[in-house]
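Colleague: Give the three-dimensional model of this entry:
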Amino acid sequence: MKDDSKLHPLFIDNDVRGVVFDLDGTLIDSAADILQGMRMTLEQAGLGNVPEDYFPANMHGTAEGILRSIVADMGWNMPADFQPLKLRYLANAATLNLQRTQLYAGALDVLQACKEASLPMGICTNKAKAGAMVATRKFGIDEMFDFITGSDTWAQAKPSPVPLLETIRMLGLTPEQCLYFGDTSVDAECAQAAGVRFVLHEAGYGDEKLLGKPTHFAFSDWNELLGQEQTA
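Modeller: Residues are numbered from 1 along each chain as shown. Next comes the predicted model:
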């Protein structure tokens, strides 16, 4: 018998059979490392220096998408081919090794409670699959998930519904049986297109396009999603 007493009613009501999570800005706070890797990459490529106080509106795209946004924001000439920049960024990210990245407070407790409740879990992120595996292993949560989807796992990345639908399929479930946790408009659009209930982490890297997007539930602190037994 599954034990769901440690979870918020969100997980218990409405026939929730599985949960899928975005990663950056949802389970982990990784902005500092992502931006440092981007700064290093663009400086090494001779494009210019990104100010320390800069924060892009686009923290929800693929590595190439975020690089493109930064170049546009800085007013630099747009490279014809971003593949070398993307590869350089991935190498820099590996060197940084998530030094300043951390799990959001309470996220681990929620994941453990979901596991104890026998809820299948997956990750659907626009981080490359290898990067997602490095991050989940670093924080000791990789084995909690039945399947992890990166931006390069399928032919399309979010906001296409394909990666979320495929992740849910790999869990052996249907969209109607799942919740998808994310923090940006890309996550919301992906969930809407996939027919999956969207749960918004308001303390993540939300963007202006989130306004008006359908949300099944919203929270700011992961501890809000624990049952009374856990929070008493």
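
Colleague: what about the chain, any weak spots by pLDDT?
Modeller: In the predicted model of the chain, residues 1-4, 228-232 satisfy pLDDT under 70.

Colleague: Would you map the helices across it?
Modeller: 9-12, 31-44, 63-74, 83-96, 107-116, 129-138, 162-170, 185-194, 228-231 (DSSP state H).

Colleague: Could you tell me how far the second one lies from the centre of the chain?
Modeller: Read that as helix 31-44. 18 Å (Cα atoms, centre = their mean, to the nearest Å).

Colleague: Between the two ends of stretch 199-206, how far is it?
Modeller: One end of stretch 199-206 sits 13 Å from the other (Cα to Cα, to the nearest Å).

Colleague: Identify all contacting residues around it.
Modeller: With contact meaning Cβ atoms under 8 Å, 6 or more residues apart in numbering, stretch 199-206 is reached by 10, 22, 24-26, 31, 59-60, 104, 179-185, 188, 210, 215-222. C-beta here means a position set from N, CA and C on the backbone, and glycine is covered the same way.

Colleague: Report the buried members of those residues.
Modeller: Those of the contacts of stretch 199-206 that meet the buried threshold are 10, 22, 24-26, 31, 59-60, 104, 179-185, 188, 210, 215, 219, 222, by 16 or more other Cβ atoms under 10 Å.

Colleague: Out of the residues you listed, list just those in strands.
Modeller: L179, Y180, F181, G182, F219 (DSSP state E).

Colleague: distance of the fourth one from L90?
Modeller: As judged by Cβ to Cβ, to the nearest Å, G182 and L90 stand 23 Å apart.

Colleague: so K127 makes contact with S151?
Modeller: Yes: shown here, K127 and S151 form a contact pair, counting by Cβ atoms under 8 Å, at 6.5 Å.

Colleague: Please say which of these two ends up with more neighbours.
Modeller: K127 (25 against 22; other Cβ atoms under 10 Å).

Colleague: Distance of the more buried one relative to V16?
Modeller: Where V16 is concerned, K127 sits at a distance of 25 Å (Cβ to Cβ).

Colleague: Next: L108.
Modeller: Counting by Cβ to Cβ, the gap from L108 to V16 is 20 Å.

Colleague: Looking at the two, which has the bigger crowd around it?
Modeller: Using other Cβ under 10 Å, the more surrounded residue of L108 and V16 is V16, with 21 against 16.

Colleague: tell me the domain ranges of this protein?
Modeller: 9-29+102-231, 31-96 (automatic domain parsing).

Colleague: ok, and which of those has the densest surroundings?
Modeller: Mean neighbours per residue, mean count of other Cβ atoms under 10 Å, is largest over these for domain 9-29+102-231, with a mean of 19.

Colleague: Return the distance of that one from the chain's centre.
Modeller: That offset, for domain 9-29+102-231, works out to 7 Å (Cα atoms, centre = their mean).

Colleague: Stretch 69-83 now?
Modeller: Per Cα atoms, centre = their mean, the centroid offset for stretch 69-83 relative to its chain is 24 Å.

Colleague: Would you mind pulling the contact partners of it?
Modeller: Counting by Cβ under 8 Å, 6+ apart, 38, 42, 45, 47-48, 50, 54, 56-58, 61, 64, 67-68, 85 sit against stretch 69-83.

Colleague: For Q112, state which of these is nearest.
Modeller: G61 (30.2 Å; Cβ to Cβ).

Colleague: Could you tell me how far that closest one is located from L164?
Modeller: 16 Å.

Colleague: likewise T153?
Modeller: 11 Å.
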